[in-house]
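[1] one predicted model, sequence on top.
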Amino acid sequence: MTEPPSCSGRYAAIDIGTVTCRLLVADVDEQGRIREVFRDRDITNLGVGVDSSGRLAPDAIERVGETIDRFASEIEELQAQGAPIGVRAIATSAARDASNSDELVARLARAGIALEVIPGEVEAALSFAGATSAFPGEKAVVVDVGGGSTEIIAGMAGEAPSIAHSFQIGCRRVTERFFEEDPPGAALVERASVWVAAQLVDYMESMHDEGYIPGHLIAVAGTATSVVSMREKMEVYDANRVHGAVVTRSDMDDLVHELQDMPLADREKIVGLDPQRAPVILAGLVILQQIMDIAPASEFTVSECDILHGIIADMVKRQD
């Protein structure tokens, strides 16, 4: 696949996470403004078992491969309608942790997609660039809860992050370590909460010293967007309603209390929650709760602009 001839043009970003694969195709104008053209996503659970085995399972690699085959076809179809599309694909925590990530790279190469397995600090910077693009001129703290890792990044919107860290904490990882019972119940939620808080507290205290917490807390990715979708009981997901929504600590408490005693079969039926995210949603909520407590922050803003927008912005910057 080819690169567009100038900084403005059409770009495609692919994010292969521990839980979800996502595609964003967007047009970028001469001022660098990003206009979404097409989105696709699939929950592929690449990171199943990686925390304990250190390897990507063959069936997980193939699930991702089949999704990327579809993404590649969609990109080719859009490219046939107009100008060339610049493509960048990145993989994050699960691929980063796995000893056989080269097998995933080889599988995606068959679809014509060159995959980058990026380090945590690069993931953090891309997430910050994407999330803060909607809040120009603000000092912000961005939280990106993924399946295998969580990034906490602080700085001024439109600039490089001042401080950033990628934690080996994610909704898939926490689920596999702590939630072996169905339903998990309050005792296991408490165990997970204590462990998550212990991983976060020193770094977040250093953010206090830098003057970034408390401040504008922005949350991106599937856990945060699902909170709004569940709260609003969205039978059909509406990104316009989700973007910019404010979630309070009370909202989080209500959801955790409801879900911790709910069997997986019932979680899969929650209006506004993708059934495929049901196994890991509680762990994602616990991570967000602990971040809010340590900050402390009484609320956060959900942004639909995330690492995908950051990838596209970075592609444009590289062309300058």
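    Yes, it's here.

[2] helix, strand or coil: sort out residue 166 for me.
    strand (DSSP: H, G, I helix; E, B strand; the rest coil).

[3] same check on residue 301?
    What three-state DSSP gives for residue 301 is strand.

[4] for it, which non-adjacent residue is spatially closest?
    Nearest-residue entry for residue 301: residue 218, 5.2 Å, with adjacent residues in sequence omitted and distances by CB to CB, 6 or more residues apart in numbering. Any C-beta I mention is one placed from the backbone N, CA and C, and that applies to glycine too.

[5] pLDDT weak spots in the protein?
    The model of the chain has pLDDT under 70 over residues 1-6, 215, 320.

[6] again, only this time at 50
    Applying pLDDT under 50 to the chain flags the ranges 1-5.

[7] can I see the domain layout of it?
    9-118, 123-302 (automatic domain parsing).

[8] how about the residue most central in space within the chain, what does it touch?
    Centroid check for the chain by CA atoms, centre = their mean gives residue 221 as the closest residue, at 3.6 Å. Going by CB atoms under 8 Å, 6 or more residues apart in numbering, residue 221 touches 17, 144, 145, 146, 306, 307.

[9] mind doing that once more with 6 Å?
    Applying CB atoms under 6 Å, 6 or more residues apart in numbering to residue 221 gives the contacts 144, 145, 306.

[10] you'd agree the first one is in a strand?
    In other words, residue 144. Yes. Per three-state DSSP, residue 144 lies within a strand segment.

[11] which strand residues bridge it?
    Following DSSP bridges, residue 144 is listed with bridge partners residue 151, residue 220.

[12] that one: how many residues sit nearby?
    Neighbour count of residue 144, defined by other CB atoms under 10 Å: 30.

[13] same check, this time on residue 123
    Applying other CB under 10 Å, we find 26 residues neighbouring residue 123.

[14] nearest spatial neighbour of it, skipping sequence neighbours?
    The spatial neighbour of residue 123 that comes closest, neighbours along the chain excluded (CB to CB, 6+ apart), is residue 92 at 5.2 Å.

[15] ok, residue 23 to residue 13 distance?
    Going from residue 23 to residue 13 by CB to CB, to the nearest Å gives 7 Å.

[16] pretty sure residue 145 sits against residue 287.
    Yes. In this structure residue 145 lies within contact range of residue 287 using CB atoms under 6 Å: 5.1 Å.

[17] and the longest helix seen in the chain, what's buried?
    Criterion DSSP state H: the longest helix present in the chain is helix 185-210. Using 16 or more other CB atoms under 10 Å as the burial criterion, the residues of helix 185-210 that qualify are 188, 189, 192, 193, 195, 196, 197, 200, 204, 207.

[18] do stretch 123-142 as well
    For stretch 123-142, burial by neighbour count (16+ other CB under 10 Å) applies to 123-135, 139-142.

[19] pull the contacting residues for residue 261.
    When contacts are counted by CB under 6 Å, 6+ apart, residue 261 touches residue 183.

[20] picking that back up, quick check: which of the domains of the chain is nearest to residue 312?
    Closest approach to residue 312 among the domains of the chain (CB to CB): domain 9-118, 4.7 Å.

[21] and the residue nearest to residue 123, how many neighbours?
    Residues near residue 92, counting by other CB under 10 Å, number 30.

[22] same check, this time on residue 84
    By the measure other CB under 10 Å, the count of residues near residue 84 is 13.

[23] that one and residue 9, how far apart?
    The spacing between residue 84 and residue 9, counted by CB to CB, is 7 Å.

[24] pull up the overlap in contacts between those two.
    Residues touching both residue 84 and residue 9 (CB under 6 Å, 6+ apart): none.

[25] picking that back up, which one's more surrounded, residue 23 and residue 13?
    Neighbour count, other CB under 10 Å: between residue 23 and residue 13, residue 13 has more, with 26 against 23.
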